[in-house]
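Novice: can't give you the sequence, but here's the structure:
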């Protein structure tokens, strides 16, 4: 669909433990066109000037390296931003350096007609600045609501990028109306799921990792990053209420989890390779989504839910607008007592037929299908330009 074109893709940290829709979309776009994946540090507001300066300098050194090939048709580079934007001259330096570094990296596209593609908003000042034939904003999250980010900067860049982009796609349903008010042509494009990968959790041949093989059952499981938006108090309460159950948490802990670690029936195994998650999920008797209720969560379209459903495991979750749409196949809990009752019901009533139904619910929601839908819109826009 993109013959003769190349994609300059601005996304999350390529090497992050947690794979997001930013990564899934980029990997599939690289099958359609050569793609330069640009890591774009700079979401977080500076906290400690000395530490942030040292970190920024490390990123700057990385940015001076040429793009690195990571797989056929896909290259990776880093274009950081100095965090001290209120210091006179820093904003100008960030924009000038960013434009120079990206244009330099674009040489790997070997003269292909460029398309800029933004999965994060903060490098949006580069939109329509790279000689691109088309600019795409694929909005996957309410980044201005993330904890610790430079909220004012991210919100303004998001607004600017929504106005500048030729095409806008929105994954979280809660953000669609606001985006359409700014860009009337904005289209809903929900997250997909790697059905084949997570379906391995239902395959008898899939091995369970050694650290999960001899855990006392039932096992209540979670995989994903453990950040500020995870309700640790809820997990602790559940673990104390059911000391005979095992609570298996798979993912990088970016917050203090010492209270959970102190409990004998909680296992925190840290970040694990994405491709190994089905093996960990195979050890689950039930999967949980223990989010806090905040703006970030309310505006999210949780990728984790589709991944859980693709494993076939029963799911108990807090209430959230997008999650509630799947209430036919999962249990929604309005408070901690209901969450505990939901876990007990899931453990006592699950069946092979229910597991198959859960897997069937997301069977057609693959990333391949999602990206194909978006590419049809992109191809149509390019054809209109040439008409």
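Specialist: Looks like it came in fine. Model, not experiment: these values are computed from the prediction. Residues are numbered from 1 along each chain as shown.
Novice: what's the mean pLDDT across stretch 72-88?
Specialist: For stretch 72-88, the mean pLDDT works out to 78.
Novice: next one: stretch 279-296
Specialist: 95.
Novice: check stretch 370-378 too.
Specialist: On average, the pLDDT along stretch 370-378 is 96.
Novice: stretch 261-270 too?
Specialist: Rounded mean pLDDT across stretch 261-270 is 97.
Novice: quick one: end-to-end distance for that stretch.
Specialist: By CA to CA, to the nearest Å, the extent of stretch 261-270 from end to end equals 12 Å.
Novice: and if you look at stretch 29-37?
Specialist: Stretch 29-37 stretches 11 Å from its first residue to its last (CA to CA).
Novice: starting at the chain centroid, how far to it?
Specialist: The chain centroid and the centroid of stretch 29-37 are separated by 19 Å, computed with CA atoms, centre = their mean, to the nearest Å.
Novice: cool, and stretch 193-211?
Specialist: Distance, stretch centre to chain centre, for stretch 193-211: 20 Å (CA atoms, centre = their mean).
Novice: who's in contact with it?
Specialist: Outside stretch 193-211, the residues within contact range by CB atoms under 8 Å, 6 or more residues apart in numbering are 24, 267, 269, 272, 275-283, 303, 306-313, 355, 359, 362-363, 365-367. Heads up, the C-betas are built off the backbone N, CA and C, glycines and all.
Novice: can you rerun that using 7 Å?
Specialist: The list of residues contacting stretch 193-211 from outside it, by CB atoms under 7 Å, 6 or more residues apart in numbering, reads 269, 275-276, 278-283, 306-307, 310-313, 355, 359, 362-363, 365-367.
Novice: report the rounded mean pLDDT for stretch 131-144.
Specialist: Averaged across stretch 131-144, the pLDDT comes to 93.
Novice: when you give positions from now on, start the count at 808
Specialist: All right, first residue 808 from here; so that's stretch 938-951.
Novice: can you measure across it, start residue to end residue?
Specialist: So stretch 938-951: terminal residues 28 Å apart, CA to CA.
Novice: which parts of it are buried?
Specialist: By neighbour count on 16 or more other CB atoms under 10 Å, the buried set for stretch 938-951 is 939-951.
Novice: ditto for stretch 1057-1069
Specialist: By neighbour count on 16+ other CB under 10 Å, the buried set for stretch 1057-1069 is 1057, 1058, 1060, 1064, 1067.
Novice: Serialize those residues to TSV and add fields for secondary structure and distance to residue 1033.
Specialist: As requested, the buried residues of stretch 1057-1069 are exported to TSV (DSSP: H, G, I helix; E, B strand; the rest coil; distance: CB to CB, whole Å):
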residue	secondary structure	distance to residue 1033
1057	strand	9
1058	coil	5
1060	strand	4
1064	coil	6
1067	helix	9
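Novice: so which of those residues comes closest to residue 990?
Specialist: residue 1058 (34.2 Å; CB to CB).
Novice: which residue is the nearest non-sequential neighbour of residue 1005?
Specialist: residue 1117 (3.7 Å; CB to CB, 6 or more residues apart in numbering).
Novice: C-terminal to the helix or strand where that neighbour lies, what's the next element?
Specialist: Following DSSP states H and E, one finds residue 1117 within helix 1110-1118. Using DSSP H and E, the next helix or strand after helix 1110-1118 towards the C-terminus is strand 1122-1125.
Novice: quick check: residue 1104 touching residue 1035?
Specialist: No. If you go by CB atoms under 7 Å, residue 1104 and residue 1035 don't touch, sitting 10.4 Å apart.
Novice: what touches both of those two?
Specialist: Taking CB under 7 Å, 6+ apart as the criterion, residue 1104 and residue 1035 do not both touch any residue.
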